[in-house]
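>>> quick check, what structure comes out for this input:
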Amino acid sequence: MHSTTQTKPAHPGIHLSPQEMPLLTLEDILALRGNFIGAFVTAQSGATIDVENPATGARIAVLAASGAADVATAVSAARASFEEGVWSRADPSFRGRTLWALAMLVRDNAEALSRAEVLDTGKPIAEARLDIIATADGLEFYAGAATKVFGQTMPLPGSQMGVIIREPSGVVGLITPWNFPALLAIAWKAAPALCCGNSVVIKPSELTSLTALAIAHLGVRAGLPAGVLNVITGSGADAGAALANHPGVDVLAFTGGPVTGRKVLRARAELLRPALLELGGKSPNIVFADADLAQAVAGAAFGIYYNQGENCNAGSRVLVHEDVYDAFLAGLEVAAKRIRVLPPLDEACQMGALISAAHLEKVAAYVAIGVAEGARLVTGGERAIGAGLEGGHFFAPTVFADVLPSHRIFKEEIFGPVVTVTKFASDDEAIALANSTEYGLAAGVWTASLKRALRCVHEIKSGYVWVNTYNGTPVEAPFGGVRGSGFGRDCGMQALDSYTTWKSAVWAMSQFDDWYKDKN
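Numbering: from 1, shown residues only. Predicted structure coming up:
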């Protein structure tokens, strides 16, 4: 690591010598090499992957291109740490203090981590800072949860007592996407798994691995024992598939697309091992005639353009009552045209670059499909141009109107800054349109009627529903989908269910009845 004169005092409970902890710099993070398995190690093949800045197209870092052998090494290290019990059988309060210390280190190093996230993902610096602080929030939440993983006791027939014990699952594998690299890998998945006493192997997207590597490195400073938090970099086809197919992984959690999700599920089924899948969405955002229209317009714009629309719960299908359709559409057009698409390190940036040239081409192809199918392109639909955008993968905020349920852009996840607007005439029709998708991750409802809102909450088939707001995902509330959006939950205390198992112990409270003696 590069040396720096910036330091902060060590947090209570972190054992360092000397007692001054150097802050990471952006240069430190960009210089990270290899996989993190207690320390940084090179891939056994020596192969590497270049990391591109989506806003410029320039190479910013080089990662290890790991394969099955590297995954096996990481899983073995995780298994050894779990069986040794230095973490799995440690006092839960120790686990909580260690996660809290890691959260403090993330906060201390938030600016360098945020800037690395910008260079890795192309998202605006303001949004990257929110992601990193939310990562620290998640670590703190599960630090508190570590002492609250409770079992049960109960009376049983025959003067017996049941002691129901909750135990960590073992080695947890995590395959995480490129759109929220630190938040999803560390706060939403690793933190609940760690708080229960599991050992973890993360395979982040090869496009955005830097912050996961950096935070794993900070984990050692916080006091995580070697082998408890490991990060393997590489492609999904090589490292990801190897992790999904490894019999030493007791639980695997995956966030990504449905095509890969099916492969992951088949691999886990062959091993008879559990999997958690979050597979994206095509989320409806419903605007009723009694809604506060200005708020609904602002919420719809934020719902689709936040993080360039590269968001599994993006409000990509806006359904608007016919009485306010024209007024809403006019407002959304104005809002879309006002979005500031700028170089993402510019403090004024509201929308940055898409993750790659290939992804930009995919988004542009969906725009062409929408036009060909007869939807009305209101604004956008092309690359964004301007000073500082040359060489980057920038796409203009896009609005389609008069979109029909039969259109592909209504049904298929685009994962970009493209929103469709569709008219409805009744509450029944709105709910039917909302549910006319294979997905079921999230939904939004804008209305002044409590009765209407509650009906939508109950009848829309999704795991998350916002009422008169959109896109907030506090760590305290469980997040996940139904139907084609997968199963299992991140966040909340419910996430602990994913990474623990139950064991029943039955105690005889009276003399055992040797029933067989009567038969001899």
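>>> burial measure for the nearest residue to Val445 once chain neighbours are set aside, as a count.
Using C-beta to C-beta, 6 or more residues apart in numbering and skipping the chain neighbours, the partner closest in space to Val445 is Cys456 (4.5 Å). (C-beta placed from N, C-alpha, C; glycine too.) By the criterion of other C-beta atoms under 10 Å, Cys456 has 25 neighbours.
>>> and for Arg89?
Arg89: 12 surrounding residues under other C-beta under 10 Å.
>>> give me the element it is part of.
Per DSSP states H and E, Arg89 falls between elements, in no helix or strand.
>>> torsion angles phi and psi at it?
phi -110, psi 10 (degrees, to the nearest 10).
>>> so what pLDDT did it get?
Listed pLDDT for Arg89 reads 97.
>>> which residues are in contact with the residue lying closest to it once chain neighbours are set aside?
Distances taken as C-beta to C-beta, 6+ apart put Gly197 closest to Arg89, at 7.2 Å, once the chain neighbours are dropped. Gly197 makes contacts with 87-90, 92, 95, 167-168, as judged by C-beta atoms under 8 Å, 6 or more residues apart in numbering.
>>> isn't the residue nearest to Val445 up against Ala443?
Yes - contact status for Cys456 versus Ala443: in contact at 7.4 Å, counting by C-beta atoms under 8 Å.
>>> now the common contact residues for the two.
286, 434, 465.
>>> where does the prediction get shaky in the protein?
1-21, 513-520 (pLDDT under 70).
>>> in the helix or strand where Gly138 lies, which residues are buried?
Taking DSSP H and E as the criterion, the element that holds Gly138 is helix 125-145. Within helix 125-145, the residues that count as buried by 16 or more other C-beta atoms under 10 Å are 125, 127-143, 145.
>>> which one is Trp100 nearest to, not counting chain neighbours?
Using C-beta to C-beta, 6+ apart, the nearest residue to Trp100 is Ala143, at 4.0 Å.
>>> distance of the nearest residue to Gly488 once chain neighbours are set aside from Ala64?
Leaving aside its sequence neighbours, Gly488 sits nearest to Leu276 (C-beta to C-beta, 6+ apart; 3.1 Å). As judged by C-beta to C-beta, to the nearest Å, Leu276 and Ala64 stand 26 Å apart.
>>> then Lys189?
Distance from Lys189 to Ala64, by C-beta to C-beta: 21 Å.
>>> just Asp497 next, same as before
From Asp497 to Ala64 the distance is 33 Å (C-beta to C-beta).
>>> number of residues surrounding Pro155?
Using other C-beta under 10 Å, Pro155 is surrounded by 9 other residues.
>>> secondary structure element for Met161?
Per DSSP H and E: strand 160-168 holds Met161.
>>> just the buried residues of that strand, please?
166-168.
>>> distance between the helix or strand containing Leu276 and the chain's centre?
Taking DSSP H and E as the definition, one finds Leu276 inside strand 275-278. The chain centre lies 11 Å from the centre of strand 275-278; the measure is C-alpha atoms, centre = their mean, to the nearest Å.
>>> again, but for stretch 138-153
Distance, centroid of stretch 138-153 to centroid of chain: 20 Å (C-alpha atoms, centre = their mean).
>>> residues in contact with it: which ones?
92-93, 95-100, 102-103, 106, 161-166, 183, 186-188, 191-192, 194-196, 475-476, 491, 493, 496, 500.
>>> how about a cut-off of 6 Å?
92-93, 95-96, 99-100, 102-103, 163-166, 187, 191-192, 195-196, 475 (C-beta atoms under 6 Å, 6 or more residues apart in numbering).
>>> buried subset of these?
95-96, 99-100, 102-103, 166, 187, 191-192, 195-196, 475.
>>> what sits closest to the residue nearest the centre of the chain if chain neighbours are left out?
With distances taken as C-alpha atoms, centre = their mean, the residue of the chain nearest its centroid is Leu184 (3.0 Å). Nearest non-adjacent residue to Leu184, counting by C-beta to C-beta, 6+ apart: Thr176, 5.0 Å away.
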